[in-house]
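**Student:** got a predicted structure here, sequence first:
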Amino acid sequence: MNSELPPRFAPLPVRLRPCLGESANSYIRRLARANHLKPSFLHCYLCGPPQWFGKPLLENLATAAGHPPEVLERALADANALGGTNRSRRRLPRKDPFSWRRGLAHRIAQEALKGAQIRTLAKRYNLRCWDVRFALEIPRLTTTETGPLTDPITGELADLIESMVSRKLNGRQIWTELMDHHDYLVTYDSIRHYIRYARSRTARARERAVRTPTGQSPVDTQ
């Protein structure tokens, strides 16, 4: 009798390639929807206890996606922030060898995602292996420089979250609803921070309203 337990993670039926510069949260959401799963469920399943709402291990995500970890590491902008990797930081050239050849860098990255090895790409384009590695890092570097990988909680997103707070939803429920029914990319920690801020701000506003006589502005009472 075989007493070994089956592996916890297995490739999902529908496989999607990650987009260059995409965040892990965005990729998990696309992967879940393609396989008719709730994004919040897949995210929590990949993370596991006790950090259900944190960041999944790169190896777990790679197994579920049906791609080698190296493919996700090359494509996902925040791959280095995912747990479970003890890979040393890559050494890159001091100067950008693709400053005037962004099209070539993009083509190299696309071929790498399809399985081409670094040595093969270096020979094909008459480049050093370091230069090829730099081309694979460009999506991550440029994404980090041009903006955050999550949406700031302002404007319409802030109004949406505040409406959920008014409905007595807690941080986990808000994160789940945003993950499953909206297109915003927000971390659980940022939601928790905003809820604390929003509640303290509301409490201060109520306190001022109680202290201020009706029909009189706070300035008039000073």
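**Tutor:** Thanks, I have it.
**Student:** could you point out which residue ranges in this structure have low pLDDT?
**Tutor:** Within the chain, the set of residues satisfying pLDDT under 70 comprises 1-7, 83-96, 99, 113-115, 138-150, 198-199, 202-203, 205-206, 212-222.
**Student:** which other helices and strands contact the longest helix seen in it?
**Tutor:** Longest helix in the chain by number of residues (criterion: DSSP state H): helix 188-211. Helix 188-211 makes packing contacts with helix 155-166, helix 171-181 when contacts are defined by 3 or more Cβ pairs under 8 Å, 6 or more residues apart in numbering; DSSP states H and E. All C-beta atoms are positioned from the backbone trio N, CA, C, and that covers glycine.
**Student:** ok, and what's touching the shortest one?
**Tutor:** Residues lying outside helix 171-181 but in contact with it, judged by Cβ atoms under 8 Å, 6 or more residues apart in numbering, are 29, 38-40, 43, 53, 160-161, 164-165, 169, 184, 186, 188, 191-192, 195.
**Student:** could you do stretch 64-74 as well?
**Tutor:** 9-12, 15-18, 27, 31, 42, 46, 58-59, 61-62, 79, 85, 87, 109, 112-113, 115, 136.
**Student:** just the buried subset of the residues you listed, please.
**Tutor:** 9, 12, 17-18, 27, 31, 42, 46, 58-59, 61-62, 79, 109, 112-113, 136 (16 or more other Cβ atoms under 10 Å).
**Student:** I'd like to know which of those are part of helices.
**Tutor:** Tyr27, Leu31, Leu42, Leu46, Leu58, Glu59, Leu61, Ala62, Ala109, Ala112, Leu113, Leu136.
**Student:** distance of the nearest residue to Arg192 once chain neighbours are set aside from His36?
**Tutor:** Nearest non-adjacent residue to Arg192, counting by Cβ to Cβ, 6 or more residues apart in numbering: Gly171, 4.6 Å away. To His36, Gly171 is 26 Å away according to Cβ to Cβ, to the nearest Å.
**Student:** and for Asp183?
**Tutor:** Taking Cβ to Cβ, one finds Asp183 at 18 Å from His36.
**Student:** try Glu22
**Tutor:** Glu22 is 21 Å from His36, by Cβ to Cβ.
**Student:** look at those two and report which has more neighbours.
**Tutor:** Glu22 (20 against 9; other Cβ atoms under 10 Å).
**Student:** the more buried one sits in which helix or strand?
**Tutor:** Using DSSP states H and E, Glu22 is not contained in any helix or strand.
**Student:** chain neighbours aside, what residue packs nearest to it?
**Tutor:** Leu76 (6.0 Å).
**Student:** what's the burial count for Tyr184?
**Tutor:** Tyr184: 16 neighbours (other Cβ under 10 Å).
**Student:** mind checking how far it is from Leu46?
**Tutor:** Distance from Tyr184 to Leu46, by Cβ to Cβ: 20 Å.
**Student:** could you do Leu157 as well?
**Tutor:** Distance from Leu157 to Leu46, by Cβ to Cβ: 24 Å.
**Student:** one more: Arg29?
**Tutor:** 12 Å.
**Student:** do Ile161 as well
**Tutor:** 24 Å.
**Student:** show me what contacts Arg33?
**Tutor:** By Cβ under 8 Å, 6+ apart, the neighbours of Arg33 are Pro39.
**Student:** tell me the angle of the helix or strand containing it relative to helix 171-181?
**Tutor:** Element membership of Arg33 [criterion: DSSP H and E] is helix 24-34. Per axes from the mean of the first three to the mean of the last three Cα atoms, to 10 degrees, the angle that helix 24-34 makes with helix 171-181 is 60 degrees.
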